[in-house]
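Chemist: Using only what follows, build the 3D model:
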Amino acid sequence: MDNQTECEEFVGALRSFLERVPLAVDVPGLLGHWRWFGEWSLGCVGVLGDWMVETVDTLCKEGETTLTIEALKRHALQPDQQLRMEMEARTGEYKVERAKAQSEQELQQLLGNPTALPGAALKNLEANGVSSLSTSPDTTRSTRGKKRIEREAFRDPVGDQMRAVNALKCTFSGVLEIVPQRFLDSGISRVECPQCAAMRSLELRNELLRFPSHDKRKTRTPQTDRRWAKRETAWDVVGG
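Modeler: Below is the predicted model of the structure:
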């Protein structure tokens, strides 16, 4: 997180999580380690939220009364999980850069080939029944050769890393903004992911509902069961 705005947003999210923890918390002290939190959550607020909820849930079950950095260390992401998430992020960045380079290459080819631009010469060719696709192959090859754009150096994922990248994960997870009593009164425990429509049965833990990290739903069949779903900005029971 090199961007100042991103850092401020992350610290704000961290403060919000710490202030909502139902345990004794040294908020200023833990905020002083915000860079450590950012490193171990890969700068992702969703990962940070899952990490907090899992740690607090375990401490409450064990009868502990204080949230400490030692407890947080015990529930931080494992190295293999960090590797998988880092590889997914790098692969996404590479795809963006590759698409950008391809667009720049196509633009250079277009600008370097006058017959591809709208103008009098093109109109004259079409008026004489000559297709714009029938230009000289030698000319096209020559133009492309002059405007060639080399791919930037990048180490492609291989072996186990490639298999980890292919495990597509949904970006949605974390604490849901559903009033606990309203959730209990509904009698409905199934919740639909607002990103990929995957369904999970949830239960309250320490007055919080947490949607777990999950693989993207592969089918497109609409959900029809009664369930909690997010419509625009609010959660409500739908279907049935």
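
Chemist: can you give me the strands for this protein?
Modeler: According to DSSP state E, the chain carries its strands in the segments 24-25, 66-67, 174-175, 190-192, 199-201, 210-211, 227-231, 234-238.

Chemist: For the fourth one, name the packing helices and strands.
Modeler: By that I understand strand 190-192. Counting contacts by 3 or more CB pairs under 8 Å, 6 or more residues apart in numbering; DSSP states H and E, strand 190-192 is packed against strand 199-201, strand 227-231. For every residue, glycine as well, the C-beta is placed using N, CA and C.

Chemist: out of those, deepest packed?
Modeler: When the helices and strands packed on strand 190-192 are scored by mean count of other CB atoms under 10 Å, the highest mean neighbour count falls to strand 227-231 (a mean of 18).

Chemist: ok, residues contacting that one?
Modeler: Strand 227-231 is contacted from outside by 176, 178, 183, 186, 188, 190-192, 194, 199, 223, 235-239, using CB atoms under 8 Å, 6 or more residues apart in numbering.

Chemist: Run the angle between that strand and strand 234-238 for me.
Modeler: Angle, strand 227-231 to strand 234-238, by axes from the mean of the first three to the mean of the last three CA atoms, to 10 degrees: 140 degrees.

Chemist: Which among the helices and strands packed on strand 190-192 is found nearest to Val27?
Modeler: Nearest to Val27, of all the helices and strands packed on strand 190-192, is strand 227-231, at 29.4 Å by CB to CB.

Chemist: In the contacts of strand 227-231, which has the lowest confidence score?
Modeler: Taken together, the contacts of strand 227-231 show their lowest pLDDT at Gln223, with 80.
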